[in-house]
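Engineer: whatever this is, show me its structure:
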Amino acid sequence: MSRNVSFLMYLCTMNIRDKQILRIALPSIVSNITVPLLGLIDVAITGHLGSSAYIGAIAVGGMLFNIIYWMFAFLRMGTSGMTAQARGRRDFAETVRLLMRSLGIGLGISLVLLVCSPLVREGAMTFIAPSADVADLARTYFNICIFGAPASLGLFALNGWYIGMQNSRTPMIIAISQNVTNIIASLCLVYGLGMKVEGVALGTVIAQWGGFITALALMYRYYSRLWKDGLPSHIWHRDEILRFFHVNKDIFLRTLCLISVHFFFISAGAKQGDTELAVNTLLMQLFTLYSYFMDGFAFAGEALAGKAIGARQPKVYSEVVRHLFVWGASIAALFTLLYIIGGEWFMQMLTSEANIIEALGTYQHWTILFPVCGMAAFIWDGIYIGATATKYMLLSMATGMVVFFLLYFTLIPSLHNHGLWIAFIGYLATRGIVQTITRHKIHATSL
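Structural biologist: Predicted coordinates:
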């Protein structure tokens, strides 16, 4: 009881900036943690259908949709930064215009994906080259899941808008409702109606549309006052559309650089052998876990830094940056300590293979560097998105990518898989360093 009272007293005396940061960061962290559950649920269900081909089909199809949706994540990031700035200016008509633009562009992209889906599907199958059984099932999965594209891209726009409006609680509710819907729908379709991979795919689509409809319903409930005079004019104003695409072009190119590094990392690990591939996959789970927490504070940076910039409040902006880095450093220190103390135990939870556990001990020290080397990149990413300083985000990512490939090709002949990990750590650190060097550009161009 005394501990709970002490914690409540601490919250009451917490600085207002810390409260603002936690109000956005904590629900975002919960939302992030629920993201992989959609894929895990599909894998868990197919794992009991009696053939490894079902698992392979879900793995191939899931990876393909991850790449597709990852490429269009600019709909969330670009929307959040510009919405936060409009809210800071108290230009609520512009926040509505931004949401309408983002939803409209997301719908347009999804229609193009639907029309081009046969080309995308067959191109992916040719590149991935799975077995005939897996390929046939993956095609079935893809043909159904592609109809969830409008809902998924619409959710990107809505979630970005919610974060820009400093509301991360609603995306958390949406993420939880999606997972519950996916579990119920998939189990009913697979075990109730006897469907197999079709049931899993249809359950995923139902969950995506359920999440999108929930997001729209909550928007109407909490923000209908913004539409009391009808839709604002000039939603598709030429200059604003050009600005929207200018900001999102940089984010799109940045995402391509990020995808290049992460998928080359997987490919390069596979070339080292099955054991190294398994080790790299397991260790990357620790980086993913850390990223879920840091992304929460990055989202807080998007909303709060964007609002301060929109309101032309440089002092508030500086306070937000300072407090974000204090939280970032604290989370990095906590995860470093956790990985030093409990990293081996966590790995043993994920695998019981003796040769993999033995190999993990050789590489595990790299995980200790994740938090320290990656912290600045995560925090600055959120701040730069809020400032819509996307050109410098792209610069940092492109520089990090170049450093990654330079280190990899220099070190791989002598250090083998260790060289790959050094390259990845260098990539993370470079992004943060470049953004720290160019941080004054935000003051020069936005404040």
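
Engineer: select the helix or strand of the protein having the lowest average pLDDT value.
Structural biologist: helix 2-13 (a mean of 48; mean pLDDT, DSSP states H and E).

Engineer: any idea whether residue 130 is helix, strand or coil?
Structural biologist: Residue 130 carries the three-state label coil when classified by DSSP: H, G, I helix; E, B strand; the rest coil.

Engineer: what's the neighbour count on residue 206?
Structural biologist: By the measure other Cβ atoms under 10 Å, the count of residues near residue 206 is 20. Using the backbone N, CA and C atoms, a C-beta is placed for each residue, glycine as well.

Engineer: residues contacting residue 257?
Structural biologist: Residue 257 sits next to 394, 397-398, 400-401 when contact means Cβ atoms under 8 Å, 6 or more residues apart in numbering.

Engineer: need those in a markdown table with pLDDT, can you?
Structural biologist: Formatted as a markdown table, the contacts of residue 257 follow (pLDDT from 0 to 100):
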| residue | pLDDT |
| --- | --- |
| 394 | 94 |
| 397 | 96 |
| 398 | 97 |
| 400 | 97 |
| 401 | 97 |
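
Engineer: in these, which residue is surrounded by the most others?
Structural biologist: In terms of neighbours by other Cβ under 10 Å, these top out with residue 397 at 27 neighbours.

Engineer: secondary structure element holding it?
Structural biologist: Using DSSP states H and E, residue 397 maps to helix 390-415.

Engineer: what's that helix packed up against?
Structural biologist: Where contact means 3 or more Cβ pairs under 8 Å, 6 or more residues apart in numbering; DSSP states H and E, helix 390-415 is packed against helix 238-272, helix 369-386, helix 417-437.

Engineer: hmm, 6 Å instead?
Structural biologist: Using 3 or more Cβ pairs under 6 Å, 6 or more residues apart in numbering; DSSP states H and E, the elements in contact with helix 390-415 are helix 238-272, helix 417-437.

Engineer: show me what the shortest one packs onto, helices and strands only.
Structural biologist: Counting contacts by 3+ Cβ pairs under 6 Å, 6+ apart, helix 417-437 is packed against helix 238-272, helix 369-386, helix 390-415.

Engineer: can you tell me which of those is most buried?
Structural biologist: For the helices and strands packed on helix 417-437, the largest average neighbour count (mean count of other Cβ atoms under 10 Å) is found in helix 369-386, namely a mean of 26.

Engineer: now that helix and helix 417-437, what's the angle there?
Structural biologist: In terms of direction (axes from the mean of the first three to the mean of the last three Cα atoms, to 10 degrees), helix 369-386 departs from helix 417-437 by 40 degrees.

Engineer: so which elements touch helix 369-386?
Structural biologist: Counting by 3+ Cβ pairs under 6 Å, 6+ apart, helix 369-386 packs on helix 74-88, helix 274-310, helix 314-350, helix 417-437.
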